[in-house]
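K.L.:
any chance you could fold what I've pasted below:
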Amino acid sequence: MKTLLVRSFCFLAAGLLSGGCEKKLGEGVALQDIATDVTSIRVNIGEEGRLYAYPIPYDCTDYEFKWESADPGIATVDDFGRVTSIEVGTTTVYVSQGNIRKEFAVEIYETPLLEQATGYWAFEDATHWGKATRGTDLALSGAGFSSTEGPAAGNGAIRIERQSYLNCTHGINPTGDYVTRYTVMMDFKLPAATRACFMQTKLENDDDVDFFLRGNMYEIGVVGAYTDLRETAIGQIEAGRWYRMFIVVQLGGTTTYYINGVNVGEKQLDMDNRIRMNGEKVLLFADEDGEDETIDVAAVAFWDQNLTKKQMDRIPGF
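P.N.:
Numbers count the residues shown, from 1 in each chain. Here you go, the predicted model:
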């Protein structure tokens, strides 16, 4: 976990005093007050912050600070003033001894998730369909591309016809030869009731697609590990309707599929499952023998982490 450094200014008195909440107990000079160098702190979600408190008088030898968070669901604090971010929001951290107490305003914020993506494509530029908002521009294979309306007024999208696809540099560093932990988001619509190809990890496009919606419109997932949408609130994929799908891949653990905010399936997939990506690229909406069909796409994004449901919900949608 990264550490967010909070600048502190140590106070000097009859000797060098260290920061934090170092305990000093015993007979001697009694505590009269608590000094702090800041009154507030901002910590990015997933990081740590540090708060410091000092005894007054500074040569006090009889003190033991107690640290507390008013809302541990937002942030926790340990006995040394280390703040751990839990959830976006605000809380108060207190440092005290007896009836002497000081407080810090703590804000846990999150860098917008689309700014954390290793690659993000919004298909808003009709003159350059593969233009990246973040990451590397997409390479277009085939001739079947055109602009179309996105999920909201003024929102663009790309229509990808059969036997055309996108060559995507995902931007995720592999562990060894392959990427086995990642999240991908796709905003898509099927103009007609038909099957759909989403991800192809074979860069030569010489094998079946790896993540697929079958022609019945309700079985979706990694080939051989489909989920049945009829058993979920989604029911099935409907032609002419926009969907947002997340594939949260953790090979060797649980890979989860979400559609329009609904967890539609959890699968235990081995480390060598076909959904693992090579260290640089993946093909989008491709299949080697024509099983791909026309699809409209308004956004694609990749992350080098497993997004949580709360994180997904905070990404602007349609």
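
K.L.:
pLDDT below threshold where in the stretch 1-150 of the chain?
P.N.:
Low-confidence segments of the stretch 1-150 of the chain, defined by pLDDT under 70: 1-27.

K.L.:
show me where it has its strands.
P.N.:
For the stretch 1-150 of the chain, the strands defined by DSSP state E, counting those that start in this stretch cover 33-36, 40-44, 48-50, 53-56, 66-69, 75-77, 82-85, 89-97, 100-109, 119-121, 139-141, 145-149.

K.L.:
now do the stretch 201-318 of the chain
P.N.:
Listed in chain order, the strands of the stretch 201-318 of the chain (DSSP E, counting those that start in this stretch) span residues 211-213, 219-222, 225-228, 242-250, 254-259, 262-268, 277-278, 281-284, 295-303.

K.L.:
among the strands of the stretch 1-150 of the chain, which is nearest Met185?
P.N.:
Within the strands of the stretch 1-150 of the chain, the stretch nearest Met185 is strand 119-121; the backing value is 8.7 Å (C-beta to C-beta). Yep, even glycine has a C-beta here, placed from its N, CA and C like the rest.

K.L.:
could you name the helices and strands sitting against that closest one?
P.N.:
Under the contact criterion of 3 or more C-beta pairs under 8 Å, 6 or more residues apart in numbering; DSSP states H and E, the helices and strands touching strand 119-121 comprise strand 165-169, strand 295-303.

K.L.:
is it possible to export the ones you listed to a markdown table including mean neighbour count and distance to Gly176?
P.N.:
Shown next, in a markdown table, are the helices and strands packed on strand 119-121 (neighbours: other C-beta atoms under 10 Å; distance: least, C-beta to C-beta, whole Å):
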| stretch | mean neighbour count | distance to Gly176 |
| --- | --- | --- |
| strand 165-169 | 22 | 19 |
| strand 295-303 | 24 | 18 |
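
K.L.:
which one, of those strands, ends up nearest to Arg82?
P.N.:
Arg82 lies closest to strand 295-303 among the helices and strands packed on strand 119-121, at 26.5 Å (C-beta to C-beta).

K.L.:
list the helices and strands that closest one packs on?
P.N.:
Contacts of strand 295-303 with other secondary structure elements, assessed using 3+ C-beta pairs under 8 Å, 6+ apart, are made with helix 113-116, strand 119-121, strand 156-160, strand 165-169, strand 181-189.

K.L.:
average pLDDT for it?
P.N.:
Rounded to a whole number, the mean pLDDT of strand 295-303 is 98.

K.L.:
run the angle between it and strand 145-149 for me.
P.N.:
Strand 295-303 and strand 145-149 meet at an angle of 90 degrees, taking axes from the mean of the first three to the mean of the last three C-alpha atoms, to 10 degrees as the criterion.

K.L.:
could you dump stretch 149-161 to CSV, C-alpha only?
P.N.:
What follows is the C-alpha trace of stretch 149-161 in CSV, where atoms were taken according to Å, rounded to 0.1, in the frame of the first residue of the first chain:
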residue,chain,number,x,y,z
GLU,A,149,-25.6,7.4,-31.7
GLY,A,150,-24.4,6.6,-28.2
PRO,A,151,-26.5,5.8,-25.1
ALA,A,152,-27.2,9.5,-24.4
ALA,A,153,-28.0,12.6,-26.5
GLY,A,154,-24.8,13.9,-27.9
ASN,A,155,-22.8,10.8,-27.0
GLY,A,156,-21.0,9.1,-29.8
ALA,A,157,-20.4,5.5,-30.5
ILE,A,158,-18.9,3.3,-33.2
ARG,A,159,-20.7,0.6,-35.1
ILE,A,160,-18.5,-2.4,-35.9
GLU,A,161,-19.8,-4.7,-38.6
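
K.L.:
now that stretch: buried residues?
P.N.:
Counting neighbours by 16 or more other C-beta atoms under 10 Å, one finds that the buried residues in stretch 149-161 are Gly150, Pro151, Asn155, Gly156, Ala157, Ile158, Arg159, Ile160, Glu161.

K.L.:
and the furthest pair within those residues?
P.N.:
For those, and using C-beta to C-beta, no pair is farther apart than Asn155 and Glu161, which are 20.5 Å apart.
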